[in-house]
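Student: got a predicted model here, sequence first, then my questions.
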Amino acid sequence: QVHLAESGGGLVQAGGSLRLSCAASGRIEFMFALGWFRQAPGKKREIVAATYSGDRPIYADSVKGRFTISRDNAKNTVYLQMNSLKPEDTAVYYCAAGPDLAGFNSWGQGTQVTVSS
């Protein structure tokens with residue numbers, strides 16, 4: 001069992017920044033992929049960014065150049081630095097973990113990010 005706990009969401013004005021954190025605990029030895037997803041009201045959940053082992057991170061086109069995913073393996077924590085936020089970034093953001101990028105099978109409870117115009 002893997003437990004993921006997100007933090008760092010909140011309300012920010014357009015153009016501002018937030019940093020999300022996700023601490024992983026439990027049976028994490030095979031959780032090589034860590035990622036961030038988001039779901040806006042009335043929309044499907046979509047991937048925002050993900051990292052697999054030491055490979056280059058992947059990003060959704062809509063956040064490239066503005067968001068950065070990073071991981072601290074010593075702390076079992078993954079971060080999402082979000083800059084130049086836009087109102088369309090408003091969503092519940094979820095942390096996810098899995099054995100690979102196609103197999104996210106553990107999810108956090110989500111943290112709300114609201115960007116005002």
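Tutor: That came in fine, so what should we check first? Numbering: from 1, shown residues only.
Student: which stretches in this protein count as strands?
Tutor: 2-7, 10-13, 18-26, 33-39, 46-52, 58-59, 67-72, 77-82, 91-98, 106-107, 111-116 (DSSP state E).
Student: just checking, what packs against the fifth one?
Tutor: So the one you mean is strand 46-52. Applying 3 or more CB pairs under 8 Å, 6 or more residues apart in numbering; DSSP states H and E, we find strand 46-52 packed against strand 33-39, strand 58-59, strand 67-72, strand 77-82. Quick note: C-beta positions are derived from backbone N, CA and C, even for glycine.
Student: tell me which residues of that strand come out buried.
Tutor: I47, V48, A49, A50, T51, Y52 (16 or more other CB atoms under 10 Å).
Student: list the contacts for the nearest residue to the second one once chain neighbours are set aside?
Tutor: Put plainly, it is V48. Once flanking residues are discounted, V48 sits nearest to W36: 4.5 Å by CB to CB, 6 or more residues apart in numbering. By CB atoms under 8 Å, 6 or more residues apart in numbering, W36 lies in contact with 20, 22, 47-50, 69, 78, 80, 93-96.
Student: what's the distance between W36 and S117?
Tutor: Distance from W36 to S117, counting by CB to CB, to the nearest Å: 23 Å.
Student: find the centremost residue of the chain, please.
Tutor: Nearest residue to the geometric centre of the chain (CA atoms, centre = their mean): W36, 2.4 Å.
Student: just the pLDDT for that one.
Tutor: Looking at W36, its pLDDT reads 98.
Student: who does it bridge with?
Tutor: Assessed by DSSP bridges, W36 has beta-bridge partners A49, C95.
Student: can you tell me how far it sits from A49?
Tutor: Taken as CB to CB, the span from W36 to A49 is 5 Å.
Student: overlap in contacts, those two.
Tutor: Common neighbours of W36 and A49 (CB under 8 Å, 6+ apart) are I69, L80.
Student: contact partners for the closest residue to Q13 other than its chain neighbours?
Tutor: With sequence-adjacent residues excluded and distances taken as CB to CB, 6+ apart, Q13 is closest to S116, at 5.4 Å. In this structure, S116 makes contact with L11, V12, Q13, A14, P87, judged by CB under 8 Å, 6+ apart.
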